[in-house]
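> Dropping a prediction and its sequence here:
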Amino acid sequence: MSVTSQVKPDAETIAVAAEALPRVQRYLRTHPQGPATVRVVDDGEGDELIVPRGAVELLARVLAHMANGHSVSVVPEHAELTTQQAADLLNVSRPYLIGLLESGEIEFRKVGTHRRVLAGSLMDYKHRDDLRRRGAADELAQLAQDLDLS
């Protein structure tokens, strides 16, 4: 299986995800701590399965994206990505990504002549970039208020 394989929801999957999401969210609200107990039904027989809370929180985020018709990928933090995979995850061009790597914005290593990017380093950059963007948007909003442009 590819590191960046995607699940692309069809109409049926979107409907199932939309129906499941509120139930998973309700479970998380009513059970704010600890692992989750999930009932798995197989051939009419049910078993309880204990799963880490983080897995259920991730499931809720996956369901939310799928319910909105978005493709979903789960990439382990330790996975090494090619520059094309990393560019695709950031939704930027490969040359732009290489500029980020060479400027030191994102950590990478070379394997021969090829660059490899740890998924965790890529997500750290994405988080920092999101914070910068939010800060800039907040500044613009404040400036508009100060100038009575809103």
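That came through fine. Numbers count the residues shown, from 1 in each chain.

> Pull out the buried residues from the longest helix seen in the chain.
Counting residues, the longest helix found in the chain (DSSP state H) is helix 119-146. Within helix 119-146, the residues that qualify as buried by neighbour count (16 or more other CB atoms under 10 Å) are Ala119, Ser121, Leu122, Tyr125. C-beta here means a position set from N, CA and C on the backbone, and glycine is covered the same way.

> wait, is Gln25 part of a helix?
Yes. Under DSSP: H, G, I helix; E, B strand; the rest coil, Gln25 falls within a helix.

> Can you get me a residue count around it?
Neighbour count for Gln25, taken as other CB atoms under 10 Å: 15.

> Quick one: residues contacting it.
Ala60 (CB atoms under 8 Å, 6 or more residues apart in numbering).

> just to confirm, which helix or strand has Ala87 in it?
According to DSSP states H and E, Ala87 maps onto helix 83-90.

> Which residues outside that helix are in contact with it?
By CB under 8 Å, 6+ apart, the surrounding residues in contact with helix 83-90 are 3-4, 73, 75, 81, 93-94, 96-98, 101, 106, 114-115, 117, 119, 122, 125-126.

> Check which helices and strands whatever helix or strand comes next after it is in contact with.
Downstream of helix 83-90, the next assigned helix or strand under DSSP H and E is helix 94-102. On a contact count with 3 or more CB pairs under 8 Å, 6 or more residues apart in numbering; DSSP states H and E, helix 94-102 meets helix 83-90, strand 114-118.
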